[in-house]
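A.B. asks: need a structure here:
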Amino acid sequence: MARKMAQQTSAPARKNRWFPIALVVIVAAGGYWLFVGGGQSSSGPPPTPAELAEVLAAADADPAVGYELAESAPVTIEEFYDPSCPACAQFSGFHGKLLRQNYVEPANGPVRWVSYTIILGTFPNSIAAALAERCANEQGLYWPVHDLLLARQTRWYLEQDPAGAIAEIARDGGVDSDTFNECMRERRYLDDVAKSQRVAESRGVNSTPTIFVDGERVNWQGADPYTFLEGMIQARLEALSAESDASESGQGAP
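C.D. replies: Residues are numbered from 1 along each chain as shown. Model prediction:
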């Protein structure tokens, strides 16, 4: 572009003749690039509550749509969260992060972690974020984008059009933008968002974050969430160890 402008400067008559046409072509091409997949908002307009409601009408609860870590670990924590919920961002950024670091991510960690979304309807942009996590998962990047969306929640959760901010966060999480944007425009996993919603409803979840440990709903009211959940994990591990010891003793008896 710098070289072309220098040539035009040496021939002012040609510059005056062609510059307006070139400018129109450049602007038009730029607008098309933004529309079909090149700009921050190229993932298209965010999905609406009406779109989700239409898919929900035909959706059943399907626990398989949850995203899990350490699938063979003996103790299961299920996390139900609304991507726009500030309390969920706080839990994920500190207590949940520490629990995953200490009990899920180490080799042979004792905890399996399963993540489900529920759209409470309190905030307008949760559906777009839930869809974005699933489009990122198509590239094996659910957890990086999930964590970044919650860590940077204030950048998008109250925006009138969150598409640009969400797409930028997904890029920072490592996604290929063209693939991600196409997935978002097609609403490719909106049915999974609906199925996750049905799972939450079937478990009686109506606030977030809601945590279950081996199917038991957790109430840490008045306590530190990390300490409370760590205590439940240790209690479950001790109970499982006692059951295993009892089973082995029974097998060895005459």
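
A.B. asks: so where do the helices sit in this protein?
C.D. replies: Residue ranges of the helices in the chain, as given by DSSP state H, are 2-10, 12-36, 49-56, 86-91, 97-99, 126-137, 142-151, 163-172, 177-186, 190-202, 225-252.

A.B. asks: For the fourth one, list every residue counted as buried.
C.D. replies: It stands for helix 86-91. Buried positions in helix 86-91, judged by neighbour count with 16 or more other Cβ atoms under 10 Å: Cys88, Ala89, Phe91. Placement of C-beta: from N, CA and C, glycine included.

A.B. asks: Please apply the same query to the longest one.
C.D. replies: By neighbour count with 16+ other Cβ under 10 Å, helix 225-252 contains the buried residues Pro225, Tyr226, Phe228, Leu229, Glu230, Met232, Ile233, Arg236.

A.B. asks: Now do the contacts for the residue nearest to Ile169 when sequence neighbours are not counted.
C.D. replies: The spatially closest residue to Ile169, leaving aside those adjacent along the chain, is Leu148, at 5.0 Å (Cβ to Cβ, 6 or more residues apart in numbering). By Cβ atoms under 8 Å, 6 or more residues apart in numbering, Leu148 lies in contact with Ile169, Ala170, Asp172, Gly173.

A.B. asks: Would you mind listing where the protein has pLDDT under the threshold?
C.D. replies: Counting by pLDDT under 70, the chain contains low-confidence residues at 1-41, 250-254.

A.B. asks: on that earlier part again, just the buried residues of helix 225-252 now: which is nearest Met184?
C.D. replies: Within the buried residues of helix 225-252, distances to Met184 taken as Cβ to Cβ reach their minimum at Pro225, with 32.3 Å.

A.B. asks: what about the residue lying closest to that closest one once chain neighbours are set aside, how many residues close to it?
C.D. replies: Closest residue to Pro225 in three dimensions, ignoring its sequence neighbours and counting by Cβ to Cβ, 6+ apart: His95, at 4.3 Å. As a burial measure, the neighbour count of His95 was computed by other Cβ atoms under 10 Å and equals 20.

A.B. asks: and if you look at Glu216?
C.D. replies: Per other Cβ under 10 Å, the neighbour tally for Glu216 reads 10.

A.B. asks: Quick check: closest non-adjacent residue to it.
C.D. replies: The shortest distance from Glu216 to any residue other than its chain neighbours is 7.7 Å, reached at Met232 (Cβ to Cβ, 6+ apart).

A.B. asks: do you know how far that neighbour is from Val218?
C.D. replies: 7 Å (Cβ to Cβ, to the nearest Å).

A.B. asks: Give me the common contacts of the two.
C.D. replies: Here Met232 and Val218 have no joint contacts, going by Cβ under 8 Å, 6+ apart.

A.B. asks: Quickly note the distance from Ala50 to Ile127.
C.D. replies: Distance of Ala50 to Ile127, computed by Cβ to Cβ: 10 Å.

A.B. asks: higher neighbour count, these two?
C.D. replies: Neighbours around Ala50 and Ile127, counted as other Cβ under 10 Å, are more numerous at Ile127. The numbers are 25 against 7.

A.B. asks: picking up where we left off before, any idea which of the buried residues of helix 225-252 is the one closest to Leu158?
C.D. replies: Pro225 (24.9 Å).

A.B. asks: wouldn't the closest one be in contact with Gln90 here?
C.D. replies: No. Because the distance of 9.4 Å does not satisfy Cβ atoms under 8 Å, Pro225 is recorded as not touching Gln90.

A.B. asks: still on that earlier bit, how about CSV for the buried residues of helix 86-91, with distance to Gln101 added?
C.D. replies: Supplementary listing: these in CSV, determined by distance: Cβ to Cβ, whole Å:
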residue, distance to Gln101
Cys88, 18
Ala89, 17
Phe91, 14
